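>>> Sequence and predicted structure are below.
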Amino acid sequence: MDGLSQRDSAKQKPACFHTMANESPNIDLETRQQNFERVLSSGPFTGLQAILGSIAPNRATLCEAVNATHSYEELLTRLGYRMTLANQIHVQDCYQRVSQAGGIKAVLPYYDIPTQSSFPTLVNLDSTVTTTPKSAVFFNQMLVTLKRQLTAQN
């Protein structure tokens, strides 16, 4: 048993579990996956959630990728996508190209009300994500905030 006695290993929680803050260790165990889903589905992360949902349908893979990466571009790469930057994205024009022939899988026109800024993202069929430099910075900051909240819950 890798040098641990059965008594010592019984005291340790499995790595995929943690307790909710301010609660007894025996009540409301939440898996890393459940914590990830709960935090990601909260209001501030709707834009990031839409992008990640379009590129990573396997939620367990997505959870592990978010926990293992340090930047938005690194996350996209780990999920099998390459980030390409465009100076501008004309969202209305892109909707007409959503198809096999047009090469676009999803158009995600995120508008951030607090900053009154538009952060559009295109998920392309060639495994690229097209975004603006401003959007890349915004979603990188959002990922950092998400990771901070995930670790604070542990």
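Sure thing, it's come through. Residues are numbered from 1 along each chain as shown.

>>> can I assume F119 is in contact with T132?
Yes: contact between F119 and T132 holds when scored by CB atoms under 8 Å: they sit 7.3 Å apart. In this view, the C-beta of every residue, glycine as well, is placed from N, C-alpha and C.

>>> So which of the two has more stuff around it?
F119 (22 against 17; other CB atoms under 10 Å).

>>> residue contacts, the more buried one?
Residues in contact with F119, defined by CB atoms under 8 Å, 6 or more residues apart in numbering, are G47, Y110, Y111, D112, T131, T132, K134, S135, F138, F139.

>>> Buried residues, stretch 139-154. List them.
Residues of stretch 139-154 classed as buried: F139, N140, M142, L143, L146, K147, Q149, L150, Q153 (neighbour count, 16 or more other CB atoms under 10 Å).

>>> can you put those in CSV and add secondary structure, pLDDT and distance to E64?
Converted to CSV, these look like this (DSSP: H, G, I helix; E, B strand; the rest coil; pLDDT from 0 to 100; distance: CB to CB, whole Å):
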residue, secondary structure, pLDDT, distance to E64
F139, helix, 97, 19
N140, helix, 97, 19
M142, helix, 95, 19
L143, helix, 96, 14
L146, helix, 95, 14
K147, helix, 94, 13
Q149, helix, 92, 17
L150, helix, 90, 12
Q153, helix, 69, 16
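
>>> Tell me the pLDDT of the closest residue in space to Q96 that isn't next to it in sequence.
Spatial nearest neighbour of Q96, excluding adjacent residues (CB to CB, 6 or more residues apart in numbering): G102 at 7.0 Å. G102 carries a pLDDT score of 93 in this model.

>>> secondary structure element for G102?
According to DSSP states H and E, G102 maps onto no helix or strand at all.

>>> what number of residues lie near it?
Neighbours of G102 (other CB under 10 Å): 13.

>>> Same check on A136?
Counted with other CB under 10 Å, A136 comes out at 19.

>>> Identify all contacting residues around the host helix or strand of it.
A136 is part of helix 133-153 when elements are defined by DSSP H and E. Taking CB under 8 Å, 6+ apart as the criterion, the residues outside helix 133-153 that touch it are 18, 20-21, 35-36, 39-40, 44-45, 47-48, 51, 66-67, 69, 71-73, 75, 83, 85, 87, 110, 112, 117, 119-121, 131.
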